[in-house]
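K.L.:
structure here, sequence nowhere to be found:
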């Protein structure tokens, strides 16, 4: 009797298992047709979110640059200082104006501010150094040593504005050089789509503004110069002069040749984009190769003494305990 009940239960268990397996297999096969595909919806959501972020960042940049003018007027205080020290002739110095343009300063205002800073910085540094050396430190050194420190501080104050501008030029060129290959890729896409050089530069400046405002500013200024300058070649040359980068100058040469002779621009842009990308990679490899020599001195100073202490200290403790 118990055997019959066990057989009946086993048959029911096998039937239930078979039915469950059949139902699961049917659901597995029909699941792609039963479940709705959310990929298209997710991709549309991602696209809308990306566009929303782009519009928000562009609006933020426009709000920041709304009150910014390319030609700022000099402040009256700096103007009076320049007139008092008879530095008016240096305002028209082409090399000085070009250096400030490469740093991102345009117009007469930055030139006047720079000249006023060059005039005031030595006086301020002399005054501060004199107070610090003679009144605060109260050094027990001879007088000529103290005067030498004060004069050195004044000399540094004279060159401090120049060093600041040079440092700003270097950082600006590094930023533009880093994003220039990406800008060339975008420019190549625009040109291959049939857009003109002016429209392509405007589009690239709009798209790359969130990543590199400096490059977007230069391209926007080039677009404006193409609109109002009679000689379009001058507008392209100004782009190369303002940036001071060989990669930009080579692209400027290609743009000028395309404007003058009607040569195809897409092929040259493709080659130049690849060359600039290779240059960026070589610079990264050069920095990576320069790391081991730079780490040698810190390792000798900081790591080796600690390593010797860790190795020698247990042996020293053991020797001392044996005594």
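P.N.:
Right, received. Where do you want to start? None of the values given here were measured: they were computed from a predicted structure.

K.L.:
if I look at residue 241, how far off is residue 248?
P.N.:
As defined by C-beta to C-beta, to the nearest Å, residue 241 lies at a distance of 9 Å from residue 248. C-beta: built from backbone N, CA, C; applies to glycine.

K.L.:
those two - which one has more neighbours?
P.N.:
Per other C-beta atoms under 10 Å, whichever of residue 241 and residue 248 has more neighbours is residue 248, with 25 against 15.

K.L.:
tell me the contacts of that one?
P.N.:
Residue 248 is in contact with 176, 180, 239-240, counting by C-beta atoms under 8 Å, 6 or more residues apart in numbering.

K.L.:
give the buried residues for the helix or strand containing it.
P.N.:
Under the criterion DSSP states H and E, the helix or strand holding residue 248 is helix 246-261. Of the residues in helix 246-261, those with enough neighbours to count as buried (16 or more other C-beta atoms under 10 Å) are 247-252, 254-256, 258-259.

K.L.:
after it comes which helix or strand?
P.N.:
Along the chain past helix 246-261, the next helix or strand (assigned with DSSP H and E) turns out to be helix 265-289.

K.L.:
so what touches that next one?
P.N.:
Helix 265-289 is contacted by residues 177-178, 180-181, 184-185, 187-188, 191-192, 197, 247, 250-251, 254-255, 257-258 when judged by C-beta under 8 Å, 6+ apart.

K.L.:
same thing with stretch 146-165?
P.N.:
Residues lying outside stretch 146-165 but in contact with it, judged by C-beta under 8 Å, 6+ apart, are 99-100, 103, 105, 114, 117-118, 121-126, 128-130, 133-134, 139.

K.L.:
what's the weakest-modelled helix or strand in this structure?
P.N.:
Least confident helix or strand of the chain, by mean pLDDT, DSSP states H and E, is helix 39-64 with a mean of 64.

K.L.:
quick one, helices of this structure?
P.N.:
Using DSSP state H, the helices assigned to the chain run over residues 2-34, 39-64, 76-84, 94-102, 108-130, 143-192, 197-207, 213-228, 232-243, 246-261, 265-289, 291-298, 304-322.

K.L.:
can you tell me which of the ones you listed the model trusts least?
P.N.:
The weakest mean pLDDT among the helices of the chain belongs to helix 39-64, with a mean of 64.

K.L.:
thinking again about what came up before, okay, the angle between the helix holding residue 248 and helix 143-192?
P.N.:
Taking axes from the mean of the first three to the mean of the last three C-alpha atoms, to 10 degrees, helix 246-261 and helix 143-192 form an angle of 40 degrees between their directions.

K.L.:
and the angle from helix 246-261 to helix 213-228?
P.N.:
Counting by the same axes, to 10 degrees, helix 246-261 lies at 20 degrees to helix 213-228.

K.L.:
could we number from 20 for the rest of this?
P.N.:
From this message on, residue numbering opens at 20, which makes the last subject helix 265-280.

K.L.:
what angle separates helix 265-280 from helix 284-308?
P.N.:
Note on geometry: by the same axes, to 10 degrees, helix 265-280 and helix 284-308 are set 170 degrees apart in direction.

K.L.:
distance from helix 265-280 to the middle of the chain?
P.N.:
Put simply, helix 265-280 sits 24 Å off its chain's centre (C-alpha atoms, centre = their mean, to the nearest Å).

K.L.:
then stretch 247-266?
P.N.:
22 Å.

K.L.:
in it, what's buried?
P.N.:
Buried residues in stretch 247-266, defined by neighbour count with 16+ other C-beta under 10 Å: 251, 254-259, 261-264, 266.
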